[in-house]
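Peer 1: Curious how this folds, go ahead:
(2 chains, ligands or ions: 1)
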Amino acid sequence: MRVAVLGLGAVGKGLLRMLAAKPEIGLVLTAVADSSSACIDPAGLDPAAILDTKCVTGRCGPSGLTASDVIDSGAYDVLVELTPTNAVTGEPALTHIRSALERGKHVVTSNKGPIAADHAGLAALAEDAGVALRYEATVGGAIPVIHAIRDGLAGNRFSSITGVLNGTCNYILTRMDDEGLTYEQALAEARELGYAEADPTYDVRGIDAAIKLVILANTCWNLGVTLDDIAITGIDGLTVDALRLAADQDCTIRLIGEVVPAENLLRVAPRVLPRNHPLVIEGTLNAVMLSTDMAGEVTLMGKGAGSVETASALIGDLIAIRDRYVECG
Amino acid sequence: MKLEMKDSPGQLVAALTPISEYGGNIIAVIHQREPESPSDTLGVQIVLEIAQERLDALVAAIKVQGVSILRLGEERLLYRQSVIMIGHLIHTDIGDTIGRIDATGFAEVAELNVHMPAIAEPSTALITIKATTRSEMGRALDILRSVAAEKGLLIVEPLAGAEA
Ligand SMILES: NC(=O)c1ccc[n+]([C@@H]2O[C@H](COP(=O)([O-])OP(=O)(O)OC[C@H]3O[C@@H](n4cnc5c(N)ncnc54)[C@H](OP(=O)(O)O)[C@@H]3O)[C@@H](O)[C@H]2O)c1
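Peer 2: Numbering: from 1, shown residues only, chains lettered A, B, ... in the order given. Predicted structure coming up:
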């Protein structure tokens, strides 16, 4: 199966490294693009060589070619969209994904922007074209939560989803709890360790977690919700005293995303949880708890970000597409 | 509240029917044997929640059914829930914040533990609310949320179903 990759940042590089390290998976890279160059070869590119070129020159190929040339080339079965997230417009990814679907190509993405902005529209486009749109990597990094909802727990009725969906916030709260650090100190530490962006607003104000909640709600119930429908409170107002008062009751505080359709509840907020609650996890981990009628409560936990971890989710989607469409016809 | 009666045929059904009519919520029906009682009689204990103002009417309705109530153990303010509040609690009149819950008649602030750091820094409090029924607890929390929004306070609530 031929794969084209748009975006060669942390995630794109992780994917190419794994394609180079695991040739037995049988995915052939035929095109790549970053923000200023692209490289296309229908006969197959060497992922290791592309990574070297990117490392040395800062570009993956000759300038003059762009992401749209890659899309228009048609030299691929699946487009893997890994450009930066734009939470408001979903661009440029939204256009990339639409164009590929319209050409009858499958799409796999780790980009939350377009999926949160227009899940229903993209899903309809994919359906009309008879192709797959998969986005496991957009929520919970390596955790196969979308697979769990769609496949593993298929046939269940879901009553709620709750989860720890942002590793940066979880790290900060863990450190405030364990070491009595102030919010500012814990944030500074997270930045130093590379767990927080230079501008941490999206993470600490709960917006990133809310975008992921939108994706989960639309995947699970087709609610057609948008970011505006989520009541969002971040962690930036929390005090050390709040964590201490929670600790006095053998509890702690975590940023929790929660959807309960029957109660019309869509909320991201810091919440008090008993220490032994399954969603009380440490450091940058993520976790999602699904409440279902047949399976009861199912909790998935794992690494919520990282280059190779996210590649794991992308490769899972790629193999699912290959098995369903490409090899079995 | 707890309601105890004799476990004779028909009594239980006769007692249960008015409970749902008056909007009560049955939590448990316990058949009990009292070893210390000489005749070894069986009793039934019904644990239920009901809004305070409807309790007298319910008791009367049960009696009309011919059920004799042996004992009525009333525990008002059955539900307890703690939330953490952060902000300028004192300067936004904490007395008023508490008063708005207490004024409901169905819920009250049972405990308040305030931590105040340096002046001008936000303070943090653990506030414990008691209410008669689960739905009244919900209403009390709604009031607290709107007071907090009005006064610019941050509220950290327990995750439902995960209360300590
Ligand atoms: N990092 C994670 O752990 C993680 C986890 C889950 C999901 N995600 C999501 O995955 C996506 C990629 O994340 P990342 O961490 O790899 O981001 P990143 O390091 O910022 O890399 C983004 C890449 O996209 C390229 N790019 C930007 N605009 C482009 C355009 N118009 N056409 C083609 N390429 C373009 C950039 O090119 P240049 O190299 O030329 O700048 C860069 O290679 C984001 O949407 C992110 O939210 C990330």
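Peer 1: Please parse chain B into its domains.
Peer 2: B:2-71, B:79-156 (automatic domain parsing).
Peer 1: List the buried residues for the biggest helix by length in chain B?
Peer 2: The residue-count maximum for a helix in chain B (DSSP state H) belongs to helix B:134-151. For helix B:134-151, the neighbour count (16 or more other Cβ atoms under 10 Å in any protein chain shown) marks B:Glu136, B:Met137, B:Ala140, B:Leu141, B:Ile143, B:Leu144, B:Val147, B:Ala148, B:Lys151 as buried. Quick note: C-beta positions are derived from backbone N, CA and C, even for glycine.
Peer 1: what's the distance between A:Ala48 and A:Leu19?
Peer 2: Separation of A:Ala48 from A:Leu19 (Cβ to Cβ, to the nearest Å) stands at 9 Å.
Peer 1: Next: A:Thr284.
Peer 2: The gap separating A:Thr284 from A:Leu19 is 25 Å, by Cβ to Cβ.
Peer 1: List the single closest residue to whatever residue of chain B ends up closest to the ligand in space, sequence neighbours excluded.
Peer 2: The ligand sits closest to B:Leu159 of chain B, with a gap of 24.8 Å, by Cβ to the nearest ligand atom. Distance criterion Cβ to Cβ, 6 or more residues apart in numbering or on different chains; nearest residue to B:Leu159, sequence neighbours excluded, is A:Arg271 at 4.5 Å.
Peer 1: Chain neighbours aside, what residue packs nearest to the residue of the stretch 201-329 of chain A found nearest the ligand?
Peer 2: Across the stretch 201-329 of chain A, no residue is closer to the ligand than A:Ala305, which sits at 3.3 Å (Cβ to the nearest ligand atom). Among residues not flanking A:Ala305 along the chain, A:Gly141 sits closest, at 4.7 Å (Cβ to Cβ, 6+ apart).
Peer 1: can you check B:Glu21 too?
Peer 2: B:Ala61 (7.1 Å).
Peer 1: if I pick B:Ala103, what's in contact with it?
Peer 2: Applying Cβ atoms under 8 Å, 6 or more residues apart in numbering or on different chains to B:Ala103 gives no contacts.
Peer 1: pLDDT at it, what is it?
Peer 2: We have a pLDDT of 94 for B:Ala103.
Peer 1: Any idea which residue of chain A lies closest to chain B?
Peer 2: Nearest residue of chain A to chain B, counting by Cβ to the nearest Cβ: A:Asp241, 3.6 Å away.
Peer 1: That residue: helix or strand, and which one exactly?
Peer 2: Using DSSP states H and E, A:Asp241 falls within helix A:240-248.
Peer 1: Next, the buried residues of that helix.
Peer 2: Neighbour counts over helix A:240-248 (16+ other Cβ under 10 Å) mark A:Val240, A:Asp241, A:Ala242, A:Leu243, A:Arg244, A:Leu245, A:Ala246 as buried.
Peer 1: TSV for the domains of chain B, including distance to A:His147?
Peer 2: TSV is the format used below for the domains of chain B (distance: least, Cβ to Cβ, whole Å):
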stretch	distance to A:His147
domain B:2-71	39
domain B:79-156	32
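Peer 1: what bridges to the nearest residue to A:Ala126 once chain neighbours are set aside?
Peer 2: Counting by Cβ to Cβ, 6+ apart, A:Ala126 lies nearest to A:Leu133, which is 4.0 Å off, once chain neighbours are set aside. Listed by DSSP bridges, the beta-bridge partners for A:Leu133 are A:Val107.
Peer 1: residue contacts, A:Leu133?
Peer 2: Contacts of A:Leu133 by Cβ under 8 Å, 6+ apart are A:Ile97, A:Leu101, A:His106, A:Val107, A:Leu122, A:Ala123, A:Leu125, A:Ala126.
Peer 1: if we can go back for a sec, I'd say the residue of the stretch 201-329 of chain A closest to the ligand and A:Gly140 touch.
Peer 2: No. Contact criterion Cβ atoms under 8 Å: A:Ala305 and A:Gly140 do not qualify, at 9.1 Å.
Peer 1: Can you give the distance from stretch A:315-329 to the centre of its chain?
Peer 2: 20 Å (Cα atoms, centre = their mean, to the nearest Å).
Peer 1: Stretch A:261-274 now?
Peer 2: 21 Å.
Peer 1: Ok, stretch A:187-197 next?
Peer 2: 20 Å.
Peer 1: sorry, back to before: show me what contacts the residue of the stretch 201-329 of chain A closest to the ligand?
Peer 2: A:Gly141, A:Gly167, A:Thr284, A:Asn286.
Peer 1: Now render the buried residues of helix A:240-248 as JSON lines, adding pLDDT and distance to the ligand.
Peer 2: Putting the buried residues of helix A:240-248 into JSON lines (pLDDT from 0 to 100; distance: Cβ to the nearest ligand atom, whole Å) gives the following:
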{"residue": "A:Val240", "pLDDT": "95", "distance to the ligand": "29"}
{"residue": "A:Asp241", "pLDDT": "96", "distance to the ligand": "32"}
{"residue": "A:Ala242", "pLDDT": "97", "distance to the ligand": "29"}
{"residue": "A:Leu243", "pLDDT": "97", "distance to the ligand": "26"}
{"residue": "A:Arg244", "pLDDT": "96", "distance to the ligand": "32"}
{"residue": "A:Leu245", "pLDDT": "96", "distance to the ligand": "33"}
{"residue": "A:Ala246", "pLDDT": "96", "distance to the ligand": "29"}
